[in-house]
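In: Give me a 3D structure for the following:
(chains A and B)
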Number of protein chains: 2
Amino acid sequence: MSVIVQKYGGTSVGSVERIEAVADKVISHCQRGEKVVVVVSAMSGETNRLIGLANEISDAPSAREMDVLVSTGEQVTIALLSMALQAKGQDARSYTGSQVRILTDTAHSKARIEEIDAHRMQQDLDAGRVVVVAGFQGVDEQGNITTLGRGGSDTTAVALAAALKADECQIYTDVDGVYTTDPRVVDSARRLTSITFEEMLEMASQGSKVLQIRSVEFAGKYNVPLRVLSSFQEGPGTLITLEDDGMEKPVVSGIAFNRDEAKLMIRGIPDQPGVAFKVLGPISAANIEVDVIVQNVAVDNSANITFTVHKNDVKKAEQILQQIAAELGAKEVATDSSIAKVSLVGVGMRSHAGVAAKMFESLANEAINIQLITTSEIKVTVVVDEKYLELAVRALHSAFEMDKEPQQEA
Amino acid sequence: MSVIVQKYGGTSVGSVERIEAVADKVISHCQRGEKVVVVVSAMSGETNRLIGLANEISDAPSAREMDVLVSTGEQVTIALLSMALQAKGQDARSYTGSQVRILTDTAHSKARIEEIDAHRMQQDLDAGRVVVVAGFQGVDEQGNITTLGRGGSDTTAVALAAALKADECQIYTDVDGVYTTDPRVVDSARRLTSITFEEMLEMASQGSKVLQIRSVEFAGKYNVPLRVLSSFQEGPGTLITLEDDGMEKPVVSGIAFNRDEAKLMIRGIPDQPGVAFKVLGPISAANIEVDVIVQNVAVDNSANITFTVHKNDVKKAEQILQQIAAELGAKEVATDSSIAKVSLVGVGMRSHAGVAAKMFESLANEAINIQLITTSEIKVTVVVDEKYLELAVRALHSAFEMDKEPQQEA
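Out: All right, here's what the predicted structure looks like:
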């Protein structure tokens, strides 16, 4: 008898009617003979309502009390869903994060799961009950309520699936799967039947916000098969899993992009050892996250360093950079906020040469200038002028024939 | 350094502004050098909102899930009040019923407290923190969330005060104390400086709904001095305590009344042993609570039994009574729903004869016919026609000079 963990987000449980629809979906799985654990978020809007109350009271509410407050959101949902299941004749029982014992560290509002006691859930499942667990929350050694941070319900679901050695962890959301790229940009974007954990991580970190990145890491680490499906329509969704022989292996699985970053350049730094650290150390010390980094050396032996940060941080980063430039005797600091980042992602790249070349050629054909390039084992990223973003994504989607189902390898 | 437990009800914490006012009040006590534990209810309207959601989903939601649901109401308040205290510079920490460990039995929605662990609260108090505890809720041995039933926050406060051996338990409410009788009926009703637990129990069970009756029983059992005060105005309120020598001892402390009951009569039952049990046994077996009971014997040796039940139960009780009358060969069954019950309450009655006689005289002076009389050690109760209720209460209040402060006994 297979065990599955299902997770329904805030929109999926946003009203009494939707909670009843979730109950129907859960029951249809029970009727297929599956044992089901359901993880739910707060009803949409509820978490923001609670945060609003806190902000009326304090500019800087304590993280401990904030966790006590917002964790009530999921607690309401678990009770209502359990009632809905019971009203439809399906035995069910709800658990808060503290009750099921999702033990975390004490980092309020961004706690990490340390241990889960699967014993009680297993007993309920064996007794024919659906187990309904509050997502996003846990408890520390001292019994304080903790939360895993926004989107943490996905992580709860994966962690429960790992603890229960579940056959599959199903994340129900408002999209019906993971696409080759954003369908709002490319009409012919295609839902992927499957994708590897590694690819999903690259897609997620590049802005495909289907799944919380931490939950994918977690699923990969414990090898929990993860499936993204729609709450609102039937369909197989996308399975996120380890590579295996039977799997489709296209060269490129997807195109990720984002326009949230800005570019900073420091040029004409007199040649000296450790220049990258001297430039990026203070940026990092200011808690600014740096993404793409490129360094090269000019004809006069002076160094140029270019990197990207989130647009919100560009002012602060520029100030720091001006100071550094003065200290190092650099010639120039420049920033550019109208850039976009485009990445090709695919485990197939490992065994296929020429992906990067083909990418550059496609962009050149459209007269799109590439400002920066970085590559990893399963990804090629370019930075281009923001105004070319859609054009670049469409050109690449077409060049790599991503609208077509890939051939199954023997 | 004295320890006090304060309880604020739903109206007192009904908005962000009111929560901040409660924080100010709590801080003023801290500044007087008191160690304060605060028990709070859900914000007014919140519990009903949650129950509304449950009722949309199920006609008969499980009691376990109902407790999971409604217990979130107080959890929100403890977090917000702790934040408000912290924002005003007062260290504070919140606890749910489960966290502070208010251990109860498993009777969901009407659980009874079995044990409280005062250790953690004591540590916080010693560290200069205000401890904020969710009222109305606890946890059973298996870790299930339980609730104590409506009004249970008073009981939580008293139980915490007992566990902490607190100097006083202060119940903040929307009235400024316990009155000689309902001020809406008698203009000159006077706030009592103090009242004994026994008197308060008689007053509460007779319809003075200032305090939950269970909390008064609890306070009496553990000898916790209980004070009723207003959240909205300053004042000493009313102290509920054991009798002691220095206390004011009026003959009559208060007048309680209610109009929620109906009277049932069965007349002309042929004389036989055990007739009271034969009549009242089946009523009780039908889970109908019987209040005043009077039995007498007529000239022809047939028995008459009269008793009162809640108006909601009168139809059901009458049906049962008709059956009994047929079985016993009684002559007549009659009911009367337009009655009212009026009680004089006072520990002073124990040592003062003539209270009942004076009561009957006062009512006779107003030509009010007394239908039933029962007495206990500290109470005389009469049942009269409902239309005379206000007149009776005013006449008694005046006859016993309850508008005047009593003389202090030496």
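In: Quick check: which ranges of the stretch 1-150 of chain A have low pLDDT?
Out: A:150 (pLDDT under 70).
In: Which positions in it make contact with chain B?
Out: Listed as neighbours of chain B in the stretch 1-150 of chain A under the rule CB under 8 Å from any CB of the partner chain: A:16, A:19-20, A:50, A:53-54, A:56-59, A:61-62, A:64-66, A:68-69, A:71-72, A:75-76, A:78-80, A:82-84, A:86-87, A:93-94, A:96, A:98-99, A:143-145. Every residue, glycine included, has its C-beta placed from N, CA and C.
In: List the ones among those residues that fall in strands.
Out: The strands, defined by DSSP state E, take in A:R93, A:S94, A:I145 from the residues of the stretch 1-150 of chain A next to chain B.
In: Tell me the one of those residues nearest B:V216?
Out: A:I145 (32.6 Å; CB to CB).
In: Report the contact partners of the closest one.
Out: A:D67, A:V68, A:S71, A:G97, A:S98, A:Q137, A:G138, A:V139, B:T96, B:Q99 (CB atoms under 8 Å, 6 or more residues apart in numbering or on different chains).
In: Specify which member of the ones in strands among the residues of the stretch 1-150 of chain A next to chain B is nearest to chain B.
Out: A:S94 (5.3 Å; CB to the nearest CB).
In: Identify the bridge partners of the closest one.
Out: A:V132 (DSSP bridges).
In: just to revisit the earlier point, now list the buried members of the residues of the stretch 1-150 of chain A next to chain B.
Out: A:16, A:19-20, A:50, A:53-54, A:57-58, A:61-62, A:64-66, A:68-69, A:71-72, A:75-76, A:78-80, A:82-84, A:86-87, A:93-94, A:96, A:98-99, A:144-145 (16 or more other CB atoms under 10 Å in any protein chain shown).
In: what number of residues lie near A:Q295?
Out: If you count neighbours by other CB atoms under 10 Å in any protein chain shown, A:Q295 ends up with 15.
In: That one belongs to a helix, doesn't it?
Out: No - applying DSSP: H, G, I helix; E, B strand; the rest coil, one finds A:Q295 to be strand, outside a helix.
In: Now name the helix or strand holding the closest residue in space to it that isn't next to it in sequence.
Out: Take A:Q295 and drop its neighbours on the chain: the residue closest to it by CB to CB, 6 or more residues apart in numbering or on different chains is A:I305, 4.9 Å away. Using DSSP states H and E, the element containing A:I305 is strand A:303-310.
In: Please save the CA atoms from that strand in CSV.
Out: The C-alpha coordinates for strand A:303-310 follow below in CSV (Å, rounded to 0.1, in the frame of the first residue of the first chain):
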residue,chain,number,x,y,z
ALA,A,303,41.9,44.3,-13.7
ASN,A,304,38.2,44.7,-14.4
ILE,A,305,35.6,43.1,-12.2
THR,A,306,31.9,42.9,-13.0
PHE,A,307,29.2,41.3,-10.8
THR,A,308,25.5,41.3,-10.3
VAL,A,309,23.4,41.9,-7.2
HIS,A,310,19.7,42.2,-6.5
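In: What count of nearby residues applies to the closest residue to A:T147 other than its chain neighbours?
Out: In space, A:T147 comes closest to A:D67 once its chain neighbours are excluded; the distance is 4.7 Å by CB to CB, 6+ apart. A:D67: 24 surrounding residues under other CB under 10 Å.
In: what residues are up against A:D67?
Out: Counted by CB under 8 Å, 6+ apart, A:D67 has contacts A:H108, A:S109, A:Q137, A:N144, A:I145, A:T146, A:T147.
In: Which of those are buried, as a PyMOL select command?
Out: Only the buried entries of those go into this PyMOL selection, using 16+ other CB under 10 Å:
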select buried, chain A and resi 108+137+144+145+146+147
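In: For whatever residue of the stretch 251-400 of chain A ends up closest to chain B, give me the backbone phi and psi.
Out: When scored by CB to the nearest CB, the stretch 251-400 of chain A has A:N287 as its residue closest to chain B, at 24.6 Å. Backbone torsions of A:N287, given as degrees, to the nearest 10, read phi 60, psi 30.
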